[in-house]
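> how would this look folded up:
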Amino acid sequence: MLDIYLIRHAQSVMNTRPWIIGGRTNHTPLTDLGVSQSIMLGIYLRNNKILFDEVYSSPARRTQQTAEISCGVAHFPLENIILNDDLQELDRGDWQGKDREMTYTSHIKEQFEVNPQHFKPPNGESHKEVEDRMVDFLDQIVIDYQISKKQIPSKIIGIYSHGMAIKCLLRGILDIDPKMTWKIQTSNASITRIKYKQNGWYINCINESSYLKDAATVVEKYR
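Numbering: from 1, shown residues only. Below is the predicted model:
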């Protein structure tokens, strides 16, 4: 059995600027709260004896930081974290960094409503393109597992990615209405856990983040 922990990065500087279209913005770092969230994520993994056999991360700075901090606390070797471009966030193309309200006009919203899965901004990605690369990544993990499962009967894998990327992945493996993609909640530093058995994927939990309730207190304590 494959036990997959899909982890959204902790709070980044861009998350504190919701009026700006973020997209990839791979240079943006974690905030103080984001660092605290990453530590508490690591404590949760360690206290619950969740020992990853493999860890993969998007190359974005905020995602790498989340992986390195939490894995460090959970005692996973940082040199074994594998970066993979397929785990990157939805590319907003020419809209990245633009004012959200001014960009998402009524006309643009109407276009999206007509075709939410295939709509994409200029030089950006559609939800379907993100879904395809995320699902392809999971499929390769399944193939690698099937090859090695005689030696390793089960694996626990941590995948550090982004909010919309995880939502698109879930849409793909659940085969739900594309309009539901926006309605899946994936909070900063949350865990969405899925399992692969012989007859396919199963959802264990979505957006588990109860371990973060004291994160702000930790920030204030060490400020």
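> residue 155 and residue 130, how far apart?
24 Å (Cβ to Cβ, to the nearest Å). Placement of C-beta: from N, CA and C, glycine included.
> again, but for residue 207
Residue 207 is 18 Å from residue 130, by Cβ to Cβ.
> ok, the two, which is more surrounded?
residue 130 (26 against 13; other Cβ atoms under 10 Å).
> give the contact list for that one.
90, 164, 165, 168, 169 (Cβ atoms under 8 Å, 6 or more residues apart in numbering).
> got phi/psi on the fourth one?
Okay, so that is residue 168. Main-chain dihedrals, residue 168, degrees, to the nearest 10: phi -70, psi -40.
> that one touches residue 181, doesn't it?
Yes - Residue 168 sits in contact with residue 181 when judged by Cβ atoms under 8 Å, with a separation of 6.2 Å.
> joint contacts of the two?
Joint contacts of residue 168 and residue 181 (Cβ under 8 Å, 6+ apart) are residue 127.
> now residue 98. Nearest residue, chain neighbours left out?
Setting aside the residues directly before and after it, residue 98 is nearest to residue 21 in space (Cβ to Cβ, 6 or more residues apart in numbering), at 5.2 Å.
> list the contacts of the one you found.
Shown in contact with residue 21 (Cβ under 8 Å, 6+ apart): 92, 95, 96, 97, 98, 99, 100, 103.
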